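S.K.: give me a 3D structure for the following:
(one chain, ligands or ions: 1)
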Amino acid sequence: MTVRDALLVLADGTTFEGEAIGAEPPGGVATGEVVFNTVLTGYQEVITDPSYAGQIIAFTYPHIGNYGTNPTDDESVRPHARGVVVRDLARRHSNWRATDDLDGFLRRHGVPGIGGVDTRRLTRHIREAGSMPAAFGTAPESTLREAAASAPGTDGIDLVATVSTDQPYTVGDGPRRVVAYDFGIKRTILRHLGELAVVEVVPASTPADEVLAREPDGVFLSNGPGDPAAVGYASDAVRDLLGEVPVFGICLGHQLMAQALGGATHKLPFGHHGGNHPVRHLHSGSVEITSQNHNYAVTEGSIDRAEVTHVNLNDGVIEGIRCTDVPAFSVQYHPEAGPGPHDSRYLFTLFERLMDGASSSTKGR
Ligand SMILES: NC(=O)CC[C@H](N)C(=O)O
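M.R.: Okay, the predicted model is just below:
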């Protein structure tokens, strides 16, 4: 395989050398907001998580691609990330199920990447300077520099509209009926919900009255990409649903629920992206190791109608809330854990209990 030299240039001018992997971007330039993810395994699930729309994923684990890719680990129909940055792309993979190596997978889906990057220096820089737009590819350095400086980032942009389904569809065969908003939903979430209910997945722009007309036992608010403040139509719908039907939100769904309750969100310096974030469940005091992927967070003290149920032990960020006056709760992390540890799967049972009217709190375990 011929090596094609490439560069990664951050918006602040910091430059990293590497080599092109995956698909060739138009004009040899790919742009997006660069974030780092610390998972040790699960790169295929991460790359196909629609919440990465608009972003370039830099993996901190140095060896990526060693077990190839396979049809069952996709979290959506195709990756929505703008690109992938790795230290060392495995040239040979080993897995009885694998149908493609990671390089081939990226090419097939038109996702560009850059390998051979000093991802430790990159990560340390992002931790100091924050997540920021970047450009990478085989184009001349001056072109990449200009592209990085003018790349938009994610603030104020509705990225949900770029990943949500156009048409409603139904999955699952559980004994209840759940309407799930697709803001960028992951398949592992649908598998979990499908055990609880017949799940009617609806586009992000669906108004509350259309959801209620489906007579659901519960409404689920999915994860999704970008700035929660840019999807006001979704938090308006959530506001109209709260109190009418039990609601459970994950990640972007959590942020939208907070906004629907009058709360605010803000951008974290470099976000949480990984498979081992410790979260304390405040009522029981127990700690869950959680799967996370977010740059925005709910602002402390901004909501009166909810109590904080979960907190990140690394930095104190709010990780879960529960409404005090209506049956609704949400978490900032990913209890479906595709990929990640399974500590938080009890939250799906809490949703089940909430729908069955057995409990209106997330206190039980
Ligand atoms: N995984 C998600 O749902 C991401 C939520 C939101 N887009 C953020 O970056 O904070």
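S.K.: what about residue 16, how many residues nearby?
M.R.: Counted with other C-beta atoms under 10 Å, residues neighbouring residue 16 total 22. C-beta coordinates here come from the backbone N, C-alpha and C atoms, glycine included.
S.K.: A strand includes it, no?
M.R.: Yes - assessed with DSSP: H, G, I helix; E, B strand; the rest coil, residue 16 lies in a strand.
S.K.: isn't it up against residue 117?
M.R.: Yes - under the contact definition of C-beta atoms under 8 Å, residue 16 touches residue 117, with a separation of 4.9 Å.
S.K.: joint contacts of the two?
M.R.: Residues touching both residue 16 and residue 117 by C-beta atoms under 8 Å, 6 or more residues apart in numbering: residue 8.
S.K.: for residue 336, give me the pLDDT.
M.R.: If you check residue 336, the pLDDT there is 94.
S.K.: residues near residue 100, how many?
M.R.: 16.
S.K.: next one: the one 4 residues further on
M.R.: Here the count is done by other C-beta under 10 Å, and residue 104 has 15 residues near it.
S.K.: what's the offset of the helix or strand harbouring it from the middle of its chain?
M.R.: Using DSSP states H and E, residue 104 sits in helix 102-108. The chain centre lies 21 Å from the centre of helix 102-108; the measure is C-alpha atoms, centre = their mean, to the nearest Å.
S.K.: swap in stretch 322-333?
M.R.: 19 Å.
S.K.: also stretch 181-194?
M.R.: 12 Å.
S.K.: so does that stretch get close to the ligand?
M.R.: No - contact of stretch 181-194 with the ligand (C-beta under 6 Å from any ligand atom) is absent, the minimum separation being 6.6 Å.
S.K.: stretch 202-213 too?
M.R.: No - legend: contact between stretch 202-213 and the ligand by C-beta under 6 Å from any ligand atom is lacking; minimum distance shown is 12.1 Å.
S.K.: what is the mean pLDDT for that stretch?
M.R.: Mean pLDDT, stretch 202-213: 98.
S.K.: contacts for that stretch next, please.
M.R.: Applying C-beta under 8 Å, 6+ apart, the set of residues contacting stretch 202-213 from outside is 160-161, 164-168, 179-183, 219, 224, 231, 233-234, 237-241, 244-245.
S.K.: show me what the helix holding residue 104 is packed against.
M.R.: Other elements packing on helix 102-108 under the criterion 3 or more C-beta pairs under 8 Å, 6 or more residues apart in numbering; DSSP states H and E are strand 15-22, helix 43-47, strand 112-115.
S.K.: indicate the residue of the stretch 51-200 of the chain located nearest to the ligand.
M.R.: residue 51 (3.3 Å; C-beta to the nearest ligand atom).
S.K.: wasn't that residue part of a strand?
M.R.: No - going by three-state DSSP, the assignment for residue 51 is helix, not a strand.
S.K.: coming back round to it: give me the mean pLDDT for the helix holding residue 104.
M.R.: 96.
S.K.: which ones are touching residue 231?
M.R.: Going by C-beta under 8 Å, 6+ apart, residue 231 touches 158, 160, 183, 204, 224, 252, 256.
S.K.: what's the closest of those residues to residue 102?
M.R.: residue 224 (24.7 Å; C-beta to C-beta).
S.K.: once you drop chain neighbours, what's closest to that closest one?
M.R.: residue 183 (2.9 Å; C-beta to C-beta, 6 or more residues apart in numbering).
S.K.: for the spatially most central residue of the chain, give me the pLDDT.
M.R.: The residue lying closest to the centre of the chain (C-alpha atoms, centre = their mean) is residue 51, at 3.6 Å. If you check residue 51, the pLDDT there is 98.
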